[in-house]
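>>> generate coordinates for the sequence data below:
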Amino acid sequence: MDFETSPTPDSYYYDQAEPCQKTDVRQIAARILPPLYSLVFIFGFVGNLLVVLTLINCKKLKSMTDIYLLNLAVSDLLFLLTLPFWAHYATDGWVFGEAACRLFTGLYHTGYFGGIFFIILLTVDRYLAIVHAVFALKARTVTFGVVTSVVTWVVAVFASLPSIIFTRSQKEVSRLTCSPHFQSSQHHFWKNFLALKITILGLVLPLLVMVVCYSGILKTLLRCRNEKKKLKAVRLIFTIMIIYFLFWTPYTVVLVLTTFPGPFGLDNCESSNRLDQAMQVTETLGMTHCCINPIIYAFVGEKFRRYMALFFRRHIAKYLCKQCGLFQRETPERGSSVYTRSTGDQDLSAGL
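Now for the predicted structure:
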């Protein structure tokens, strides 16, 4: 996919007479991306769907954290729905028409920004639960979680609008593309704007939130007698945010270098080709992130494993082994014993 401000796959013009040809990048993408995106789609769709079903059927969405985790999974599912189309695009160009080009570009960016914003909300949620426990008693309600989630989706859609408006399908050289196109007089402005938008919303903002929130959480944990239990409470959300940075930061850095090559001495054909290759690799790395969160829940979230086992017993195992008494017997949910007046938090384990 020609994401946001990345150059078109066929050529990128500098202040020179001849275009800089970039067919090698496209040929590599055509071989690698379809099987890779197919695997990411299958594992990501199954994993995130299981998270959604587990939260709804077993957790019953009893806390604000559950609401945010559900919306994070939905964000990943929206993102994943576009992968089969980008896989086909990598091999045969865009053959699905103008409307589909804008639709899947919108889903892609809405899922991307939605995922960022809900990770931020989960981090703030942990901060309130541990650092401002008394205030959290009143603020961290399911109703407030639903309201803030609706607002977050609206913001994610607005953040995606420029990409939806400027993206269109048209024939370039030998194939149809689905990519941003700007009027020549506004090209540099919108290209720079879109790159800065991703840098600020996708890297600077979550990094700032993480530093502020986890600094406060760390100070509180150092003063807390029950610090091991509270450390366990933030482990899942902290892991989710760190993994997000590991997968998406390289892409953001390459995007900045591609958009502003002059100050870094990269405004030549050779450097541009290398940046295109780096853009392809780092964007592909970032796009695989949408199937990672369920894996994090399985390895880091102890409650998630317990609720997943309960979900399998209730809805899957009983159909596979109706005569097996082991699967017929359901283990009741263990009530939380974490609540204290000092923490004011009944679900410190981040919902999973």
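>>> how about the helices in the stretch 51-200 of the chain?
64-81, 83-92, 98-131, 133-139, 142-166, 187-199 (DSSP state H, counting those that start in this stretch).
>>> most tightly packed of those helices?
helix 64-81 (a mean of 24; mean count of other Cβ atoms under 10 Å). Quick note: C-beta positions are derived from backbone N, CA and C, even for glycine.
>>> which residues touch Asn293?
Gly47, Asn48, Val51, Leu72, Ala73, Asp76, Ile240, Ile243 (Cβ atoms under 8 Å, 6 or more residues apart in numbering).
>>> out of the helices of the stretch 51-200 of the chain, nearest to Gln277?
Proximity to Gln277, assessed across the helices of the stretch 51-200 of the chain by Cβ to Cβ, is greatest for helix 83-92 (14.4 Å).
>>> helices or strands up against the closest one?
Here helix 83-92 touches helix 23-54, helix 98-131, going by 3 or more Cβ pairs under 8 Å, 6 or more residues apart in numbering; DSSP states H and E.
>>> possible to save these as a markdown table with mean pLDDT and distance to Thr65?
A markdown table is the format used below for those (pLDDT from 0 to 100; distance: least, Cβ to Cβ, whole Å):
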| stretch | mean pLDDT | distance to Thr65 |
| --- | --- | --- |
| helix 23-54 | 88 | 13 |
| helix 98-131 | 95 | 6 |
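>>> can I get these in a markdown table including distance to Ala195?
Listed next are these as a markdown table, based on distance: least, Cβ to Cβ, whole Å:
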| stretch | distance to Ala195 |
| --- | --- |
| helix 23-54 | 19 |
| helix 98-131 | 14 |
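>>> starting from Thr123, give me the distance back to Val211.
The gap separating Val211 from Thr123 is 10 Å, by Cβ to Cβ, to the nearest Å.
>>> how about Thr220?
14 Å.
>>> again with Pro206
From Pro206 to Thr123 the distance is 8 Å (Cβ to Cβ).
>>> could you tell me which residues touch both of these two?
Met241.
>>> wait, which of the helices of the stretch 51-200 of the chain is closest to Tyr307?
Closest to Tyr307 of the helices of the stretch 51-200 of the chain is helix 64-81 (Cβ to Cβ; 10.4 Å).
>>> so which residue is smack in the middle of the chain?
Gly115 (3.9 Å; Cα atoms, centre = their mean).
>>> my read is that Thr148 contacts Leu121, right?
Yes: the criterion here is Cβ atoms under 8 Å, and Thr148 meets it with Leu121 at 6.5 Å.
>>> so where is the stretch 51-200 of the chain shaky, pLDDT-wise?
Counting by pLDDT under 70, the stretch 51-200 of the chain shows no low-confidence range.
>>> and Ser215, how many neighbours?
12 (other Cβ atoms under 10 Å).
>>> so how far is His109 from it?
In terms of Cβ to Cβ, Ser215 sits 31 Å off from His109.
>>> kindly report the same for Ile240.
Note on Ile240: its distance to His109, by Cβ to Cβ, is 20 Å.
>>> Thr123 too?
21 Å.
>>> cool, Ala139 as well?
With Cβ to Cβ as the criterion, Ala139 and His109 are 30 Å apart.
>>> now Thr177
17 Å.
>>> same question for Phe43.
22 Å.
>>> likewise Arg31?
In terms of Cβ to Cβ, Arg31 sits 26 Å off from His109.
>>> helix or strand for Arg305, which one?
helix 302-312 (DSSP states H and E).
>>> check which residues of that helix are buried.
Across helix 302-312, burial judged by 16 or more other Cβ atoms under 10 Å covers Lys303, Phe304, Tyr307, Met308, Leu310, Phe311.
>>> also stretch 51-58?
Val51, Val52, Thr54, Leu55, Cys58.
>>> out of those, who's nearest Ile165?
Taking the buried residues of stretch 51-58 together and measuring to Ile165 by Cβ to Cβ, the closest member is Val52, at 30.3 Å.
>>> in space, what's closest to the closest one - neighbours in sequence excluded?
Ranked by Cβ to Cβ, 6 or more residues apart in numbering and with sequence neighbours excluded, the top spatial neighbour of Val52 is Ala73, at 5.0 Å.
>>> please apply the same query to Gly115.
Counting by Cβ to Cβ, 6+ apart, the residue nearest Gly115 is Ser75, at 4.1 Å.
>>> show me what contacts that neighbour?
Thr110, Gly111, Tyr112, Gly114, Gly115, Phe118, Ala156.
>>> I'd like those residues as JSON lines, with distance to Val256 appended.
What follows is the contacts of Ser75, written out as JSON lines (distance: Cβ to Cβ, whole Å):
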{"residue": "Thr110", "distance to Val256": "23"}
{"residue": "Gly111", "distance to Val256": "22"}
{"residue": "Tyr112", "distance to Val256": "17"}
{"residue": "Gly114", "distance to Val256": "23"}
{"residue": "Gly115", "distance to Val256": "20"}
{"residue": "Phe118", "distance to Val256": "24"}
{"residue": "Ala156", "distance to Val256": "22"}
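>>> tell me how far the closest residue to Pro162 other than its chain neighbours lies from Val173.
Leaving out its chain neighbours, the residue that sits closest to Pro162 by Cβ to Cβ, 6+ apart is Leu194, at 6.1 Å. Counting by Cβ to Cβ, the separation of Leu194 from Val173 is 23 Å.
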